[in-house]
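Student: Mind folding the following:
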Amino acid sequence: MAVIAELRAEGYGYISRKALADDGPAFDDDTLCALRQRLESQGLRDSEWRQEDRRNKRFYHLSPAGKVILHPGLLDE
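Tutor: Down below sits the predicted model:
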């Protein structure tokens, strides 16, 4: 749930990992990568490559299904 909650705000991998470490549980890179891949394969997370500061970065955000997991009340709307 901590990883899903971190995806409320879009961000790229390093920023997301740092925010998790600052605000909650610290994950090593391999564990966090596996969690992100699992969330995407389950349809709870989306990602896209974009260029920022002349570098390609992969940005992550919650999918509509991920938003429902985080906020179950959305099903009622």
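Student: and residue 40, what does it touch?
Tutor: Residues in contact with residue 40 (CB atoms under 8 Å, 6 or more residues apart in numbering) are 46, 47. C-beta: built from backbone N, CA, C; applies to glycine.
Student: mind checking which helix or strand it is in?
Tutor: Taking DSSP states H and E as the definition, one finds residue 40 inside helix 29-41.
Student: Just the pLDDT for residue 72.
Tutor: Per-residue pLDDT puts residue 72 at 74.
Student: what sits against it?
Tutor: The contact partners of residue 72, by CB under 8 Å, 6+ apart, come to none.
Student: gap between it and residue 29?
Tutor: Distance, residue 72 to residue 29, using CB to CB, to the nearest Å: 30 Å.
Student: same question, residue 55
Tutor: Taking CB to CB, one finds residue 55 at 18 Å from residue 29.
Student: And residue 38, by the same measure?
Tutor: From residue 38 to residue 29 the distance is 15 Å (CB to CB).
Student: what's next to the worst-scoring helix or strand of the chain on mean pLDDT, contact-wise?
Tutor: Averaged element by element with mean pLDDT, DSSP states H and E, the chain has its least confident helix or strand at helix 13-23 (a mean of 72). Applying CB under 8 Å, 6+ apart, the contact partners of helix 13-23 are 2-3, 6-7, 11, 26-27, 29, 32, 36, 57-58, 60.
Student: Give the next helix or strand downstream of the host helix or strand of residue 51.
Tutor: Using DSSP H and E, residue 51 falls within strand 45-52. Counting by DSSP H and E, the element after strand 45-52 in chain order, helix or strand, is strand 55-62.
Student: Residue 25: what secondary structure?
Tutor: Secondary structure state of residue 25, per DSSP: H, G, I helix; E, B strand; the rest coil, is coil.
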